[in-house]
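A.B. asks: what follows is a predicted protein model with its sequence.
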Number of protein chains: 2
Amino acid sequence: MSKNLTTREQDYSKWYNELVVKADLAENSAVRGCMVIKPYGYAIWEKMQAELDRMFKETGHQNAYFPLFVPKSLFEAEEKNAEGFAKECAVVTHYRLKNDPENPGKLMVDPEAKLEEELVVRPTSEAIIWSTYKNWIQSYRDLPIKINQWANVVRWEMRTRLFLRTSEFLWQEGHTAHETKKEALEETELMNDIYAEFAEKFMAIPVVKGAKSENEKFAGALETYCIEALMQDGKALQAGTSHFLGQNFAKAFDVKYASKEGGLEYVWATSWGVSTRLMGALIMTHSDDKGLVLPPNLAPIQVVIIPIYKGEEQLQQISEVANKMVKELRAVGVSVKFDNNDNQKPGWKFAQYELQGVPVRLAIGPKDLEKGTVELARRDTLTKEFVNQDEVVSKIKALMTTIQDDLFEKAKKFRDEHITAVDTFDEFKKVLKDKGGFISAHWDGTSETENRIKELTKATIRCIPFDSKEEQGKCVLTGEKSERRVLFAKAY
Amino acid sequence: MSKNLTTREQDYSKWYNELVVKADLAENSAVRGCMVIKPYGYAIWEKMQAELDRMFKETGHQNAYFPLFVPKSLFEAEEKNAEGFAKECAVVTHYRLKNDPENPGKLMVDPEAKLEEELVVRPTSEAIIWSTYKNWIQSYRDLPIKINQWANVVRWEMRTRLFLRTSEFLWQEGHTAHETKKEALEETELMNDIYAEFAEKFMAIPVVKGAKSENEKFAGALETYCIEALMQDGKALQAGTSHFLGQNFAKAFDVKYASKEGGLEYVWATSWGVSTRLMGALIMTHSDDKGLVLPPNLAPIQVVIIPIYKGEEQLQQISEVANKMVKELRAVGVSVKFDNNDNQKPGWKFAQYELQGVPVRLAIGPKDLEKGTVELARRDTLTKEFVNQDEVVSKIKALMTTIQDDLFEKAKKFRDEHITAVDTFDEFKKVLKDKGGFISAHWDGTSETENRIKELTKATIRCIPFDSKEEQGKCVLTGEKSERRVLFAKAY
Ligand SMILES: [Zn+2]
Ligand SMILES: [Zn+2]
C-alpha cells in the first residue's frame, strides 16, 4: 500500500478524500450517499461523544430516545420546518417484502403491505419530540425539559462527501422546553457556548460564535446561533448550531402549560446539534500532506512504540524496555500501543502511524539500549529528539498538553490571519479569490443583498459574530447604511 | 398521580405495562409499534451499554458504524436470512416529499422521486456488513475482524409491547470474520459467555446457557447459542443470542481469503446481539407490586435522601447533615440524590422512589437530628432500620454489594425452583399449567415433535442447555429415544 497522499497544494479536495480512506476513518458504502465509519474513525467519534455527553449532563441535560420514524401528518405540522426538509426525506411506504413470483429467489415490495400513512425517516426530530412533549407538559412544574438524543438521521443528499455531507449521519440533538422566552434564549446561548468550548478546548479548533442571517437559519427557528471554523483551504465549516425555536413548535403541536400566575401559555423551545461532520472539521483543521494530525484528546492511540531490531534476542531486549514504558504510560492515563508486529518493517510502521495521526512515536533500537535512550517524534511538528528512558513518561505526560495547546494556537493563528476586513466589493472579490478565509464586511441586512453576493461570489454570511462591535459603515455591495460587520466566506 | 399498580397476582401483563409507564421508563409513541425511551429508562440502558461496551473492548472488539439502509439486492443475497426477515421489513421507496396540490399546507410523496432500488431499513446488519467485509478481506492477515455496532433496527411487528417487542429497538450487534470454523465457534461461545456473565453479575439475572433447536435458530445461522432467563410469571425470556453463521454470508457475498497455505477459502462468521429487550427482562425479574426494583449496578440513583421537616429552619439543619452525606457517598462512588423539593410531601416521595426502584432510601427527621441517626430503607426487602449517621456511608457502601447479590440469589432460587423435570406428557401439561417455568424433558430431536408440542401447549424449546448431561430417555411426546433433556417453556 502506498502511503503517498495527493498534497493539499495539488488538490485539496482530493487530499481530503484520500486521507479519510487511507487513514481508515470511513469509506463509501453500497448505499448511495451513506458511509461506513470504520473502527479507527469511530473511536475518534466516541471520544467526542463521551466529552460532549459529559458536558451536557453537567449542565442538567438527560438522554432519551425517540422514534426513527415521523408520521407524515406530524412531520408537516410545523410548516417552515417541513418545507425546509421535504425535499430530502427518505420515506417508508411499505412494511413487508415478498417473494417475487417472476424472479425466483428475489424479493419485491408487497403491494398489499402499503402503510396507510407514510413514515418519514427523521431528518431531525423536532416534530416527533414536540408531539411527545405535548403529553408531558401540563404545568410550569413540568418545565424545563432538557433532553438530548444520540441518533442517526437521514437527509437525502445528491452530492455527498465522507463526513461532510452524507445522506445518513450520526449526531446528537438537544430539545428543550421552557416557561419563558428569556430562559429559552439563555439555553440557546449556553449550548452554543458549550459547543465553542468543546471545539476549542477539546478538538483544538478555534471557532467564531455568532448568529445566522435570515437566509442561513434553521427551518422553523427564530434565531440560529452557530460556531464557525475555518479550514486550511480558506473555506468555512459550520461546526455546530443552537436554535431558538420560539413558540413555533409549541403552536404547531398545541403544547401549553399552566403558568404560576394561572394562565395558559405556549411553551418556548430550543434545539441544538453537532454531528459526524465534526470529523471533517477535525481532519481539515489539523492534518498535513503526510496524513492525519490528531490532538491528544481525540487520539485513539496517543503514543506508539516501534521496536527497531534484528533477530529475536534484540526484540526481546527492546520489548522489556517497551513493556515497562507501556505500563507506566497507562498508569498516568496515556493510551499507548507497542507495535511488535513482525510482518511489517519499521519504515512502513512510521508512515502508517504518521498517516493515522498518532501524536507521539517512540522508536527503540539497539543503540538506544546501550545509551538508555529512545527516539521521540512529534506528529504535529515532525520533530525528533532523543530522550533518556527514565524521563520518557514525564516528558510525554507534559507533551500531551503541549501538543494539544500548540495545535490550537497554530490553527488560531491561521484563522486570525485569514479574517480580512474589506470595505469595497472589488476588495471583497479579490480577497476571496486570492486569499480566502473569512471576510469581515459591512452588509445592509437584507436577504436580497446576501443572495446577490452569493450569486456573484459563492460566498455567504457565515455569521454575525457576537463579539462584533458597533461600527458605522456602508454595505460592501449596495452602499446602504450598516451598523456592524459580518463574516462572509465560501463554506462547506 | 396514583402510584397504585395493578398487582402481579391480578394481572401480570397489565402490571408490567403499567409499571413501565408509571416508573417513567418508556411509553408508546405516535408511531405504531415504536416506543419513546424516557430519560429514567434510558439512563438504565446507558449503564448496560457502558458495561457491555467495556466487556466487548476487553475481549478485542472495536466499534464501527454501518448504514441504516440495505439495498434490496444485498438484502436478498443470503436467502435464508432474507426469507426470515422479509415479512417484517420497513421499506424506503422514495426520497422526497412535495406540496400536495390538492391539500394546501400538506405534503405528499413525490412520485418522481422513486428510488430505482428500494432500501430496506435494517432488521439486522449481516447483509450490509458482509458486503463491506468483502472489500476488507483479501488475506489471512486481514483476519480476524471483530466489530460491534450500537444501532437502531426495525422489525415491523403487528403486536408490540414496550421493550419486549417493538418495531424499532436499540441494540448492539457484533459481526466477526475468522479464518477457521474452530475460531468462529470459539467466538460464538465466548460472546454467549460474556452475555451470561453480564446478565448474572451485572443485571443480577440468572440465565441458562444453551443452543437453540432448528426451529428457533436465527435465520441464516448454523448454530444459535443463547441465554434464557425466567420471568416471575413462569415464562422464559431470551436475553441474548450468539450465532455461528458458518460460511453462509461469505458465500452469499463471495468473501474469500488467501490462507497461510496459499489456498483461497471462504471466511467463517459469527454475529451476536442484545437489545433494549433486556430492559423487559430486568423489570420482570426483580420488580414487585410496589414498582421497580433495581440492582445497584443499574440504578441511575442508588440512594435517595428525603428530609422530613416542618419549616425552613428544620430543613436547613437536615440539609446540613444530608449534604455532608451526599458528598461522602459520592466520594466512594455511590450516586445519590437529596430530594429537598418543597412541592411534594415525604409520603409522596417515598412512594415515588419505591415505584422507581431506588435501592436505598434515607429519611432524616427532627428526631434523627437529636439522636444522630437516619432511617435507612432497602427497596428490595422493604426493611427499615435506624443507622448512626457516622456509619451510614460504610453501611451503604457494603449494602450496594449485598443488595446486588441478594437480588441475584433471590432470582436464582426462584428460577431453580421452577425448573421441573417431567417424564410424561400429562405431567408436562400439568406443570406448564399449574406451575410454569422451565420444563426439563426428553425430546426426540425432530422439528415435527417440537411443532406438535407447541401446537398442543404453546411451549417451545428454549434451549438445549450446555450443562445438560447425557441421559438415556424417551421423548415426552413420541416415546422415541432421546439422549439428553432440553428445556421447554412458554416464552416472551
Ligand atoms: Zn493563506
Ligand atoms: Zn411459582
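C.D. replies: Arrived safely, thanks for sending. Ligands and ions are numbered 1, 2, ... in the order given.

A.B. asks: for chain B, what's the nearest residue on the stretch 201-350 of chain A?
C.D. replies: residue A:343 (6.7 Å; CB to the nearest CB). Quick note: C-beta positions are derived from backbone N, CA and C, even for glycine.

A.B. asks: what are the contacting residues of stretch A:359-378?
C.D. replies: Contact with stretch A:359-378 is made by A:294-296, A:299, A:302-310, A:314, A:317-318, A:321-322, A:325, A:346, A:350, A:353-354, A:379-380, A:383-390, A:392, A:395-396, A:399-400, A:403, as judged by CB atoms under 8 Å, 6 or more residues apart in numbering or on different chains.

A.B. asks: actually, stretch A:25-34.
C.D. replies: A:19-21, A:35-38, A:40-41, A:44, A:156-157, A:160, A:162-163, A:166-168, A:279, A:283, A:292, B:66-71, B:74, B:119, B:128, B:131-132, B:135.

A.B. asks: narrow the contacts of stretch A:359-378 to those in helices?
C.D. replies: Of these, the ones assigned to helices by DSSP state H are A:314, A:317-318, A:321-322, A:325, A:346, A:350, A:353-354, A:392, A:395-396, A:399-400, A:403.

A.B. asks: report the buried members of those.
C.D. replies: A:314, A:318, A:321-322, A:325, A:350, A:353-354, A:392, A:396, A:399-400, A:403 (16 or more other CB atoms under 10 Å in any protein chain shown).

A.B. asks: just the buried ones from the contacts of stretch A:25-34, in PyMOL syntax?
C.D. replies: To isolate the buried ones among the contacts of stretch A:25-34 in PyMOL, judged by 16+ other CB under 10 Å, type:
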select buried, (chain A and resi 19+20+35+36+37+38+40+41+44+156+157+160+162+163+166+167+168+279+283+292) or (chain B and resi 66+67+68+69+70+71+74+119+128+131+132)
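
A.B. asks: next step: the contacts of stretch A:25-34 restricted to helices.
C.D. replies: Counting by DSSP H, those contribute A:19-21, A:40-41, A:44, A:279, A:283, B:74, B:128, B:131-132, B:135 to helices.

A.B. asks: closest one of these to residue A:93?
C.D. replies: Closest to residue A:93 out of the ones in helices among the contacts of stretch A:25-34 is residue B:74 (19.8 Å), distances taken as CB to CB.

A.B. asks: ok, the closest one to residue B:81 distance?
C.D. replies: 11 Å (CB to CB, to the nearest Å).

A.B. asks: what do these two both touch?
C.D. replies: Residues within reach of residue B:74 and of residue B:81 at once, by CB under 8 Å, 6+ apart, are residue B:127.

A.B. asks: near chain B, which residues of the stretch 201-350 of chain A? Just list them.
C.D. replies: Residues of the stretch 201-350 of chain A lying near chain B by CB under 8 Å from any CB of the partner chain: residue A:343.

A.B. asks: wait, isn't residue A:322 in contact with residue A:337?
C.D. replies: No: with contact defined as CB atoms under 8 Å, residue A:322 does not count as touching residue A:337 (10.2 Å).

A.B. asks: name the residues contacting each of these two.
C.D. replies: Joint contacts of residue A:322 and residue A:337 (CB under 8 Å, 6+ apart) are residue A:305.

A.B. asks: send me stretch A:482-490 as PDB with only the CA atoms.
C.D. replies: The C-alpha coordinates for stretch A:482-490 follow below in PDB (Å, rounded to 0.1, in the frame of the first residue of the first chain):
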ATOM      1  CA  SER A 482     -24.700  49.200   8.200                       C
ATOM      2  CA  GLU A 483     -24.000  49.100  11.900                       C
ATOM      3  CA  ARG A 484     -21.700  46.100  12.200                       C
ATOM      4  CA  ARG A 485     -19.500  43.900  10.100                       C
ATOM      5  CA  VAL A 486     -20.500  40.300   9.400                       C
ATOM      6  CA  LEU A 487     -18.300  37.400   8.300                       C
ATOM      7  CA  PHE A 488     -18.600  36.200   4.800                       C
ATOM      8  CA  ALA A 489     -16.900  33.100   3.400                       C
ATOM      9  CA  LYS A 490     -17.200  30.200   1.000                       C
END
